[in-house]
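**Student:** The sequence isn't on hand, but the structure is:
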């Protein structure tokens, strides 16, 4: 099934969305918010699935047109956003750009940091721009939303805890990263609020495109209406169950925890990129200098992912940069 | 006023607590949970203050004995725990132990990382112990709980956004820190769930002991019933408004964001310490080797802070380490 949160108060109003993203229906009698549904998933999910089936079969009266612009992020405020770096070609590019090797342990243990989880931007919300020197960038990602998971859970348990999948634009301030990482405490100010796709879907919605704990589809990225990249999300070196088990190694994860894949990235440069930083690194390697500028007010970014039927799975993230 | 969350469901049941921590009363007609009260603070706070005054004046019927063991953390799950390192004698000790200088910028900009905010331990909950090699430690801290604050807010705005103060035991896994920090992404697995004092209080409850954006009281730390330290919390190099402005520089803070002071620490070794790591660094400097072991199952830690009247302000964090 597909779920979304229509803008309403702090946590949105949960709706079940039709598979083709054309219709939706609120379900206040089942769960008013997505967080509430995740808190009581075992009871709630079967009832939501019944609604979804009826909606897809045209058997439900009272549904409304689904409008992505009316959506908040699926979880407008969440208790955890732990973002991994599962696409190692991104890590390799970053390190090669500064002449560093890839230590073997980077292939064994995911890099992960905690991002802002309390203030998710809506899928069509402006991206705040404050200072050119901050180097505003986007990062197209896939993310899993988990149920409750115990500390120290193994990958099989982690796999069963995946409730929903969605797209994420992990907004990054490249100009703040070097100084922040040099201080040794990791990312904080360099990772402001991220945005998410209008719709979060249960893994079974992906059919064959969900296996090995990975979404087996390309992420379509456009910048100002022009194709920027279509790297394949199947190239995750670490699967979602591996990322989740890493995130839960020393702490329980509460229902509604969001685990990001890191920037979708492929070794093949012909597929393009899901962030400007990677494009600039390739330009620097090829030409000795980067050409593509960081985001500026007015720039438009778009992320979408289509199934084998050509239909959008999650709806698109479509944002314009705005000075504030 | 003083507020607590009695264990109930995922978010606890909000109670107003008497100043002397002897009585409490649930306020479901005003706000069922502390998060809900923080979400609507302007409407809710005056009504809670009336209840608190009536409770302190003995004019309220229906109050119950207040029992710290019945308490969850004030916010059992929160949307942000951003922990600063405001006590620079702690940072100086850490760096001196490895022969490093104190760069000038550490006096100008706080170190800060994001800790686990979704799974706060209750004030009397066992501290989970899993592996001796993980080097389990406590860190006694003070923390502020904020209202909504806009991105880029200045210190004056940040100061007006402080809703509540509480104590925190920032549980740390010292054995995991070196390898984790060496990877460059900061703390994650080395910072499992923390615990908090039974009671969170509005700053005015501290009277003269709240000024300069700092709590002007010593933190009493005991380990297995013996005094371990009583460092003064006034020694924060960065005030809470400064820490909050740092935390909000590139993102809005949502109501219920928790901003930690970092380990309370004083330059004077005679006052002792609020974490084992600092004790071990001083032992290493004095004797060439640390003597105090990391926490093991059965160990008991206690944190308390008393006002000038000798009464506990926040109630005590009292935890025993338990293998799990």
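**Tutor:** Received it, and whenever you're ready, just let me know what you need. The structure presented is a predicted model; accordingly, all values stated were derived computationally and were not measured. Numbering: from 1, shown residues only, chains lettered A, B, ... in the order given.
**Student:** Please identify the helix or strand for the residue in the stretch 101-250 of chain A that chain B sits nearest to.
**Tutor:** At 1.9 Å from chain B, residue A:186 is the closest residue in the stretch 101-250 of chain A, using Cβ to the nearest Cβ. Where C-beta positions appear, they are placed from N, C-alpha and C, glycine not excepted. Of the helices and strands defined by DSSP states H and E, none includes residue A:186.
**Student:** Can you give me every residue that contacts the closest residue to residue A:317 other than its chain neighbours?
**Tutor:** Spatial nearest neighbour of residue A:317, chain neighbours left out: residue A:303 (4.3 Å); criterion: Cβ to Cβ, 6 or more residues apart in numbering or on different chains. By Cβ atoms under 8 Å, 6 or more residues apart in numbering or on different chains, residue A:303 lies in contact with A:138, A:140, A:167, A:169, A:197, A:219, A:220, A:221, A:274, A:316, A:317.
**Student:** Just list the residues touching the last one, thanks.
**Tutor:** Put plainly, it is residue A:317. Taking Cβ under 8 Å, 6+ apart as the test, what residue A:317 contacts is A:123-124, A:167-169, A:195-198, A:301-304.
**Student:** So the helix or strand of chain A with the lowest mean pLDDT, near chain B or not?
**Tutor:** Within chain A, confidence by mean pLDDT, DSSP states H and E is lowest for helix A:88-97 among all helices and strands, at a mean of 85. No - applying Cβ under 8 Å from any Cβ of the partner chain, one finds helix A:88-97 out of contact with chain B, separated by at least 10.5 Å.
**Student:** And the strands in the stretch 101-250 of chain A, which stretches?
**Tutor:** Ranges of strands in the stretch 101-250 of chain A, per DSSP state E, counting those that start in this stretch, are A:112-114, A:127-129, A:136-137, A:140-146, A:162-169, A:172-173, A:195-196, A:199-201, A:210-211, A:214-215, A:220-223, A:226-229.
**Student:** quick one, which of those strands is packed in tightest?
**Tutor:** Most buried of the strands of the stretch 101-250 of chain A by mean neighbour count (mean count of other Cβ atoms under 10 Å in any protein chain shown) is strand A:195-196; its value is a mean of 28.
**Student:** OK, contacts around residue A:60?
**Tutor:** Going by Cβ under 8 Å, 6+ apart, residue A:60 touches A:25, A:51, A:54.
**Student:** what helix or strand is the second one on?
**Tutor:** Looking back up the chat, that one is residue A:51. Here residue A:51 is assigned to helix A:41-56, by DSSP H and E.
**Student:** Any buried residues in that helix, and which?
**Tutor:** Residues of helix A:41-56 classed as buried: A:41, A:44, A:45, A:48, A:51, A:52, A:55, A:56 (neighbour count, 16 or more other Cβ atoms under 10 Å in any protein chain shown).
**Student:** Near chain B, list only the ones from those.
**Tutor:** With Cβ under 8 Å from any Cβ as the criterion, these include none near chain B.
**Student:** If we only consider the residues you listed, which is nearest to chain B?
**Tutor:** Proximity of these to chain B (Cβ to the nearest Cβ) peaks at residue A:41, which lies at 12.9 Å.
**Student:** Please tell me I have it right and that closest one contacts residue A:164.
**Tutor:** No - counting by Cβ atoms under 8 Å, residue A:41 sits too far from residue A:164 to count as a contact (9.8 Å).
**Student:** how does chain A divide up, domain by domain?
**Tutor:** A:2-70, A:80-323 (automatic domain parsing).
**Student:** Show me what from the stretch 51-200 of chain A comes close to chain B.
**Tutor:** Proximity of the stretch 51-200 of chain A to chain B (Cβ under 8 Å from any Cβ) is limited to residues A:77-80, A:82, A:109, A:111-119, A:128, A:130, A:134, A:151-152, A:173, A:176, A:181, A:183-190, A:192-193.
**Student:** Sheet partners, orientation included, of whichever strand or helix holds residue A:14?
**Tutor:** Taking DSSP H and E as the definition, one finds residue A:14 inside strand A:13-17. Paired strands of strand A:13-17, with direction, are strand A:2-6 (antiparallel), strand A:23-26 (antiparallel) (DSSP bridges).
**Student:** What lies in contact with it?
**Tutor:** Residues outside strand A:13-17 that contact it (Cβ under 8 Å, 6+ apart) are A:1-7, A:23-28, A:31-34, A:36-37, A:48, A:51-52, A:55, A:66, A:199.
**Student:** Give the buried subset of those residues as a PyMOL selection command.
**Tutor:** Command for PyMOL, covering only those of the contacts of strand A:13-17 found buried under the criterion 16+ other Cβ under 10 Å:
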select buried, chain A and resi 1+2+3+4+5+6+23+24+25+26+27+31+32+33+34+36+37+48+51+52+55+66+199
